[in-house]
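S.K.: Starting from these lines, generate the structure:
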Amino acid sequence: SKFSKQNSKILIYGINDKSVSLETRLRNSKHYHIAGFYVFGQNYKSYRLADLPVYYFNNEDDFIYITNRYNVEGILFPNYITAQEEKERLIRYCEKNKIKVLIAPPVDEVSGDKLLRANIREIRIEDLLGREEIKINMNEIIANFKDKTILVTGAAGSIGSELCRQLATFGVKQLILFDSAETPMHNIRLELEERFPKMEFVPVIGDVRIAQRVNMVFERYKPQFIFHAAAYKHVPLMEENPCEAVLANVYGTQNVADLAVRYNVEKMVMISTDKAVNPTNIMGASKRLCEMVVQYFNDRSKTEYVAVRFGNVLGSNGSVIPLFKKQIADGGPVTVTDKRIIRYFMTIPEAVSLVLEAGTYAKGGEIFVLDMGKPVKILDLAENLIRLSGYTPYKDIEIKFTGLRPGEKLYEELLIDTANLKKTANDLIYVDDPPPLAPDFREKIDHLYNVMLDDSVDMRALIRDLVPTYISPEESKKEYEEAHCIFSCPDGEKIKTEAN
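M.R.: Predicted coordinates:
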């Protein structure tokens with residue numbers, strides 16, 4: 001939310017050039033009164049900067065003294081990187097003492113006090129979880145996509161729409177948006193029309209499960225690059241409807257991959273997930289099958305096929321954060337499946353940077369994996385979100401533990417076999433060479449398609465036959481009940497807990 005109180009008295013965190021630049025931009029603001037700069041450590045006692053005092057704190061008592069004495073209403077961070085440095089200290093002090101935590105937009109996004117004021121906002125949990133975005137070689141990427149016709153399936157979804165936004169800045173010849181969801185497609189169309197009026201793009205309502213409709217797109221527009229993001233992704237729903245996971249995810253991928261060969265597409269990048277690694281649910285197993293499908297086609301054609309694995313994406317339609325926010329707004333309780341559960345997170349721009357990087361690096365047959373950073377305990381995420389919302393966990397808002405859902409893991413793995421990891425030119429991106437497919441893969445996958453809508457068929461048994469690393473939710477639960485569960489926490493220490 002925006003911080004809109006007139007002439008609010010605030011301190012700017014830090015004394016580096018970004019903090020000074022922020023003060024300069026706000027110096028004549030009628031909206032904010034900058035009372036000074038704020039830093040940790042008494043080394044800066046009696047400092048002045050830009051003709052303003054530099055205040056310091058060593059502990060919460062110092063913080064309370066300064067904010068009370070000078071009637072400080074908010075602490076303004078120049079960016080989310082500096083905010084992350086103080087998430088366990090200064091931001092906690094602010095939460096406990098009802099001082100607003102504000103964050104400024106990047107310098108290149110605004111010009112003038114009015115726009116800057118409008119873009120200063122209260123900090124969000126995403127700011128504290130995200131990392132510095134991946135540095136990518138823009139010149140190389142632009143050269144790769146410039147003047148090309150590009151098809152994005154699932155173009156109206158979280159990843160697909162961000163792909164379209166970024167591709168629209170690369171000077172592509174034509175951008176084809178393919179999605180079955182009418183309202184989200186309408187929304188991304190309006191956004192692109194407004195932001196990129198000179199860009200030639202074509203929204204197409206269609207379904208990757210219907211090969212004839214996909215064929216029409218290839219025949220009419222002749223795409224040279226494909227980003228395949230269309231998929232079902234919700235674990236519990238796919239567990240209850242395995243036939244649809246196969247139909248949409250695996251068969252849909254096969255339809256697109258097959259047409260890519262027929263129409264001499266240069267490259268196809270398939271969006272995968274960390275849940276494809278040693279899958280314990282139908283959704284993850286179906287995405288592992290998608291990886292195997294593109295591997296099959298890569299081995300038999302000139303088209304270069306590649307898969308890119310993601311962890312959970314912050315701010316996406318399927319993210320846990322919107323659910324937690326709704327539960328807090330409703331007064332609680334916030335529901336967490338297990339107090340030990342951990343997940344990797346990345347921002348949508350990070351995810352899309354990886355896709356674009358993969359599209360540039362790809363020689364065909366690889367699975368690209370991002371260095372996801374440190375895993376996050378979902379319980380910590382819930383507690384922090386409650387605090388950021390101005391409440392006290394367990395006192396104002398209850399946290400309820402509901403138990404692992406069918407197919408859900410305590411933690412996600414990112415790689416099939418880390419021994420096979422290779423580095424790329426980007427330090428945060430690795431490549432995993434998948435094992436060769438079984439000789440009868442095509443025969444078995446065709447059989448799966450033939451029976452996928454037959455309720456009498458044991459779909460899990462057929463999938464297990466194709467994906468040996470897949471174990472059923474029942475087996476997964478049994479493993480946790482029988483064995484100790486060992487996993488790494490965000491601070492790097494090993495925790496050993498009884499699975500009870």
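S.K.: Now for the residue lying closest to Leu381 once chain neighbours are set aside: which residues touch it?
M.R.: Nearest non-adjacent residue to Leu381, counting by C-beta to C-beta, 6 or more residues apart in numbering: Ile125, 6.9 Å away. C-beta here means a position set from N, CA and C on the backbone, and glycine is covered the same way. Applying C-beta atoms under 8 Å, 6 or more residues apart in numbering to Ile125 gives the contacts 321, 381, 384-385, 388.
S.K.: Same list, those, but as CSV with distance to Met268, neighbour count and pLDDT please.
M.R.: Formatted as CSV, the contacts of Ile125 follow (distance: C-beta to C-beta, whole Å; neighbours: other C-beta atoms under 10 Å; pLDDT from 0 to 100):
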residue, distance to Met268, neighbour count, pLDDT
Ile321, 31, 19, 82
Leu381, 34, 22, 87
Asn384, 39, 21, 85
Leu385, 37, 22, 86
Leu388, 40, 21, 82
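S.K.: Nearest to Tyr344 among these?
M.R.: Leu381 (12.0 Å; C-beta to C-beta).
S.K.: Then that closest one would be within a helix, right?
M.R.: Yes. The assignment for Leu381 by DSSP: H, G, I helix; E, B strand; the rest coil puts it in a helix.
S.K.: how far away is it from Ser319?
M.R.: 10 Å (C-beta to C-beta, to the nearest Å).
S.K.: who touches both of the two?
M.R.: In contact with both Leu381 and Ser319: no residue, using C-beta under 8 Å, 6+ apart.
S.K.: Provide a list of residue ranges in this structure with pLDDT below threshold.
M.R.: 1-6, 44, 106-119, 130-136, 314-318, 373, 407, 411-420, 473-500 (pLDDT under 70).
S.K.: follow-up on the earlier one: can you lay out the contacts of Ile125 as a markdown table showing distance to Phe345 and secondary structure?
M.R.: Below are the contacts of Ile125 laid out as a markdown table (distance: C-beta to C-beta, whole Å; DSSP: H, G, I helix; E, B strand; the rest coil):
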| residue | distance to Phe345 | secondary structure |
| --- | --- | --- |
| Ile321 | 9 | helix |
| Leu381 | 8 | helix |
| Asn384 | 13 | helix |
| Leu385 | 13 | helix |
| Leu388 | 16 | helix |
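S.K.: which one of the residues you listed sits closest to Val457?
M.R.: Checking these one by one against Val457 (C-beta to C-beta), the nearest turns out to be Ile321, at 37.2 Å.
S.K.: In this structure the closest one contacts Ala382, no?
M.R.: No. Ile321 lies out of contact with Ala382 (C-beta atoms under 8 Å); the separation is 9.7 Å.
S.K.: What is the longest strand along the chain packed up against?
M.R.: In the chain, taking DSSP state E as the definition, the longest strand is strand 32-40. Using 3 or more C-beta pairs under 8 Å, 6 or more residues apart in numbering; DSSP states H and E, the elements in contact with strand 32-40 are strand 8-13, helix 17-26, strand 52-57.
S.K.: mind checking which of the ones you listed is nearest Lys374?
M.R.: strand 8-13 (22.6 Å).
S.K.: The closest one to strand 52-57, inter-axis angle?
M.R.: On the basis of axes from the mean of the first three to the mean of the last three C-alpha atoms, to 10 degrees, strand 8-13 is oriented at 70 degrees to strand 52-57.
S.K.: Just checking: what are the partner strands of the longest strand of the chain?
M.R.: Sheet partners assigned to strand 32-40 using DSSP bridges are listed as strand 8-13 (parallel), strand 52-57 (parallel).
S.K.: Would you mind finding the most buried of the ones you listed?
M.R.: strand 8-13 (a mean of 23; mean count of other C-beta atoms under 10 Å).
S.K.: Which stretches in the stretch 51-200 of the chain count as helices?
M.R.: 60-69, 80-85, 90-96, 113-119, 125-129, 138-145, 158-167, 182-195 (DSSP state H, counting those that start in this stretch).
S.K.: Same list, those helices, but as TSV with distance to Thr424 please.
M.R.: Converted to TSV, the helices of the stretch 51-200 of the chain look like this (distance: least, C-beta to C-beta, whole Å):
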stretch	distance to Thr424
helix 60-69	44
helix 80-85	24
helix 90-96	35
helix 113-119	34
helix 125-129	24
helix 138-145	12
helix 158-167	19
helix 182-195	30
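S.K.: Looking at the ones you listed, which is nearest to Phe345?
M.R.: helix 125-129 (5.3 Å).
S.K.: list the buried ones in the closest one?
M.R.: Neighbour counts over helix 125-129 (16 or more other C-beta atoms under 10 Å) mark 125, 127-129 as buried.
S.K.: How much space separates the nearest residue to Arg460 once chain neighbours are set aside from Tyr38?
M.R.: Nearest residue to Arg460 in three dimensions, chain neighbours excluded: Ser472, at 5.9 Å (C-beta to C-beta, 6+ apart). Noted for Ser472: a distance of 54 Å to Tyr38, by C-beta to C-beta.
S.K.: ditto for Pro236
M.R.: Taken as C-beta to C-beta, the span from Pro236 to Tyr38 is 45 Å.
S.K.: And those two? Which one has more around it.
M.R.: Tyr38 (27 against 14; other C-beta atoms under 10 Å).
S.K.: is it true that the more buried one touches Asp62?
M.R.: No. The criterion here is C-beta under 8 Å, and Tyr38 misses it with Asp62 at 10.2 Å.
S.K.: Need the overlap of contacts for those two.
M.R.: With C-beta under 8 Å, 6+ apart, Tyr38 and Asp62 have common neighbours Tyr56.
S.K.: ok, back up a step: with distance to Arg309 added, can I get the contacts of Ile125 in a markdown table?
M.R.: Shown next, in a markdown table, are the contacts of Ile125 (distance: C-beta to C-beta, whole Å):
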| residue | distance to Arg309 |
| --- | --- |
| Ile321 | 21 |
| Leu381 | 21 |
| Asn384 | 26 |
| Leu385 | 26 |
| Leu388 | 30 |
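S.K.: can you tell me which of the residues you listed lies nearest to Met452?
M.R.: Using C-beta to C-beta, the contacts of Ile125 come closest to Met452 at Ile321, 33.2 Å.
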